[in-house]
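**Student:** task: produce atomic coordinates for the following.
(2 chains)
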Amino acid sequence: MQVLKRTSTVLLGLRRASSCCNGTITAGWKRNIFEYSTLMEIEKQRFCTVVEKSPPCSTDDRFQNPKIASLIEVTVKERIQPDDLLNALEVSPELLNKSPLQWENCFKELKYHGFTGKDSLRMLTLYPDLISVVESNEFRLSMENWINCDLGYDNVLDLLVACPHFVSVSRYELQRRIPLLFSLGKSHGKSVVRLLQNCPNLLYGNWNDVEAKLSYVENIMKIDTTKENLTKCYVFNRTLDEIRTRHAFLKRAGLYVTPEKIKGTKVEERQQPWNKNPRLSHITDTSNETFISEVACDLTLEELDVFREIYSEELKNQDDSESEDNLSDGE
Amino acid sequence: MYTNNCVINSVCSNLCFRTSIYVQKRWKSKKVHWSVLAKKIYPVDKALEHFDDFYKTVFGRRWPSIRLALLSPHKYCAVINNFGDSDMAVSDLQNIGAMSMRRLFELEKETIKQQKQEDRRKKDLEKIFKLDRKLEQMMVAKQQKELESLYPHREKSESACVPADILTLNKSSSDTSHGSSVNMNRKDHAEECGDALIEKSLHSSLRDADFDTQRLIDPASGLSAAALYEYVPATRLKGMEDWIVESQHYRYYKKNTDFPVHIESDHDFIFPDHLQVLTFERGNVSSFPAPKRGSTGVLNYYLLDGGSLLPVLALGVNPGDRVLDMCAAPGGKSLLMLQTLFPALLVCNDVQESRTNRIHAVIKQYLYSMDKWKNRLIVTQRDGRDIDEYNIYNKILVDVPCTIDRHSLHENENNIFKPTRVKERLKIPEIQAELLGHALKLVQPGGTVVYSTCSLSPIQNDGVVHMALRKVWEETDIQVVVKDMTAALEPVNCMYKLGQDLGLKYGHLVLPFIPCNFGPMYFCKLVRRK
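**Tutor:** Sure, this is the predicted structure:
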């Protein structure tokens, strides 16, 4: 083990030295490397047998992996800590299959577009195929498309760091969807980016579903979307039925009162019962447990579970009756 | 006015006739515009508003749970018709997951019994442990006494009551040979001195205490007492705009008892052998398929609210009983009593023809060869207060007309919260009390009367029982005993949510709870003694 560690560090030192020298002593270090690499081969075999017998390898041991070592070398230039790299490789091990050269090129390209080293690593971790996208020159085209969306350059960078798979969205899709999102995000690039960061589905999902959710929130729940910031909640991550179920649950329990328009003073307006309604984000963004403990405090999880079952049945019956009505209208 | 109209009409007709002008007639049409419909307040909305206002104060933090259950579809149970293909019906329903109520209650009873036994054992063990601890304490005390007898100098030091540290210092300086004994005494001393301090605080602390005069509040300055008595007149009373004056509504419900009420506890109730009731377990929201006709031409089972079972069980029908169902329509509870096969006579009464017709319809659907039933099952149409067959019935079920909370929240038709039925609704508690009072007079001495409603209102429930009992006490010398069924209803808790800590004095209330969405159902068992 110790020998292996020593050889790898020597090797690393040699490579570093070689990168500094301008090939004057090329033959010498090549011979040295050859010697050390044969030594490493022998040591590697020994190491493998030791590893097989030993408990799961620790971080120190992983540093000895030549692939990882070479990647560390590449990433250190980008000021990335080896631990961060190891974590990234743990999340997406397929990144190990890419050569250090590919890594280097990818980082170069991302840096050219303004992504920092850390952001680049994050993007690679979330979307390992990014390397091949960069290689095939699709990345540049995609960046152009994104910049043409008028979201603001910094906003685009933020968005792609959060959701790097957006790189592979076609130009046609972007042209079709982004204007719709602008209508949702009050024509602000930043809010569109926030919406997409919170609910990436908005870019791919069926727009009719999105509209249905929005109209439910606006027309049935009567929530003023100009006051309630939609970009701060994850309402579009929930299905329409989930939103309907939670709303119906609160409404039947008397904990949600549908707001009405009233003519009166501001004090009177503030005294209306719907001012005690829970916020939309509390209704949609919470887990069942948090929802029960914080929003619907006087009810139990058992009641919510049973209600969900009952209400799904009710929704099914409603849909059936609607479809029957449509059929009879058609006839 | 009439002459004016006539003149106008004649002028118009002349005009039409002479100049042949066509005047379009204006038809009154229904308002169907969506905005008009959206603004319309239906009886259902009125009912919900009333309940929100009234029940929130009664049930407090439980109200959201009850409200949720009331507004959701309720749970049924299936009463197997013994006159149809009962075995087949039972097996069919069991195949879809239904369970026998009787079996569930029996199992629960057993577990409660076992639990009680365990509790008793634990108590016994606790007693033994206590005894052990006492013995140990005695032993320690004895040892201490022995020590005291061995080292008599301890008493001297006690009388001096010098602080322990000084004592030890003195002792160590004067007599080093008794080091170990001194240390032992030191501990005892500290305790003794502590006791002395406590005693002092109890007896003479007030005498010796130094009052912190800076903390005394002078009533003349700052927040004076007079400021607290300043009268702030009410500008507006909320709820007074509504059609019911709250004071009138509460008049029926006086909590203070000004007459003797005998309450006895009932430990058990009988679940008749032939009565087969099936339902789905707690949390299961499956529904029963519609009943089918069997080989005898009658329906196999009757679906009714699970809450309706409890008043019938509380009535405790025995073989040969003569039973009166005072307000029987639609006939579910009467059918339950018939399925026990116990009553020698069952009289189903209701006040309206439409309602008695519903009883007839149920009887037709569930019983065959009606001639055989002629003498055992009678349907009458009278006001319950006019029934004059005294000392005939030994079991009377008074399932009175009430606000039918669940129905009022779902159906606009025939809704008691219609603005046109205000007076009728205000009279409800009075009629209920009269019906119950009359039932208590009708029933044979020793007989049972069960009063039940499907309302959550404390006025219609305990309030009415209270009022009827007082009336009976004032007007007659009938002695009535209220049966407290809390112990008997313990096994029922697995299937029903019974209202506890609601301050119910006489009866029991099944609260709607969504995992077992039965009720609301209030029932109170009364036994006539004299």
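**Student:** contact residues of the stretch 151-300 of chain A facing chain B?
**Tutor:** Counting by CB under 8 Å from any CB of the partner chain, the stretch 151-300 of chain A comes close to chain B at A:249, A:252, A:253, A:254, A:255, A:296, A:298, A:299, A:300. C-betas here are computed from N, CA, C, even on glycine.
**Student:** what's stretch A:223-242 in contact with?
**Tutor:** Contact partners of stretch A:223-242, identified using CB atoms under 8 Å, 6 or more residues apart in numbering or on different chains, comprise A:184-186, A:191, A:194-195, A:198-199, A:201-202, A:205, A:209-210, A:212-214, A:216-218, A:243, A:259, A:279-281, A:284-285, A:312, A:315.
**Student:** filter these down to the ones in helices?
**Tutor:** If you go by DSSP state H, the contacts of stretch A:223-242 have A:184, A:191, A:194-195, A:198, A:201-202, A:209-210, A:212-214, A:243, A:280-281, A:284, A:312, A:315 in helices.
**Student:** just the buried members of those residues?
**Tutor:** A:184, A:191, A:194, A:195, A:198, A:202, A:210, A:213, A:214, A:243, A:280, A:284 (16 or more other CB atoms under 10 Å in any protein chain shown).
**Student:** give the contact list for residue 80.
**Tutor:** You didn't say which chain, so I picked chain A. For residue A:80, the contacting residues are A:117, A:118, A:121, by CB under 8 Å, 6+ apart.
**Student:** wait, chain B
**Tutor:** Residues in contact with residue B:80 (CB under 8 Å, 6+ apart) are B:86, B:89, B:90, B:93, B:276, B:277, B:278, B:300, B:301, B:339.
**Student:** ok, now with 10 Å
**Tutor:** Neighbouring residues of residue B:80 by CB atoms under 10 Å, 6 or more residues apart in numbering or on different chains: B:86-90, B:93, B:100, B:274-278, B:291, B:300-302, B:339.
**Student:** sitting in strands, which of the residues you listed do you find?
**Tutor:** Among those, DSSP state E puts B:100, B:277, B:278, B:301, B:302 in strands.
**Student:** closest one of those residues to chain A?
**Tutor:** Chain A has its nearest neighbour among the ones in strands among the contacts of residue B:80 in residue B:278, at 19.4 Å by CB to the nearest CB.
**Student:** okay, and the beta partners of that closest one?
**Tutor:** residue B:78, residue B:100 (DSSP bridges).
**Student:** quick check: mean pLDDT across the helix or strand where residue B:424 lies?
**Tutor:** In this assignment (DSSP states H and E), residue B:424 forms part of helix B:422-442. Averaged over helix B:422-442, pLDDT sits at 93.
**Student:** also stretch B:354-364?
**Tutor:** Averaging pLDDT along stretch B:354-364 yields 94.
**Student:** could you do stretch A:135-147 as well?
**Tutor:** The average pLDDT within stretch A:135-147 is 87.
**Student:** identify the residues contacting that stretch?
**Tutor:** Stretch A:135-147 is contacted from outside by A:98, A:102, A:105-106, A:109-110, A:112-114, A:130-134, A:153, A:155-157, A:159-160, A:166-175, A:178, using CB under 10 Å, 6+ apart.
**Student:** list buried residues within those.
**Tutor:** Using 16+ other CB under 10 Å as the burial test, the contacts of stretch A:135-147 include A:98, A:102, A:106, A:109-110, A:113, A:130-131, A:133-134, A:155-157, A:159-160, A:166-167, A:169, A:174, A:178 as buried.
**Student:** list the contacts for residue A:318?
**Tutor:** Shown in contact with residue A:318 (CB under 10 Å, 6+ apart): residue A:244.
**Student:** let me redo that: residue A:78
**Tutor:** Shown in contact with residue A:78 (CB under 10 Å, 6+ apart): A:85, A:103, A:104, A:107, A:108, A:110, A:111, A:116, A:117, A:118, A:120, A:121.
**Student:** one more time with 7 Å
**Tutor:** Contacts for residue A:78 (CB atoms under 7 Å, 6 or more residues apart in numbering or on different chains) come out as A:107, A:117, A:120.
**Student:** so which of the residues you listed is the closest to chain B?
**Tutor:** Chain B lies nearest to residue A:120 out of these, by CB to the nearest CB, at 51.0 Å.
**Student:** what about the closest one, how many neighbours?
**Tutor:** Using other CB atoms under 10 Å in any protein chain shown, residue A:120 has 25 neighbouring residues.
**Student:** in which helix or strand would I find it?
**Tutor:** Per DSSP H and E: residue A:120 is located in helix A:117-126.
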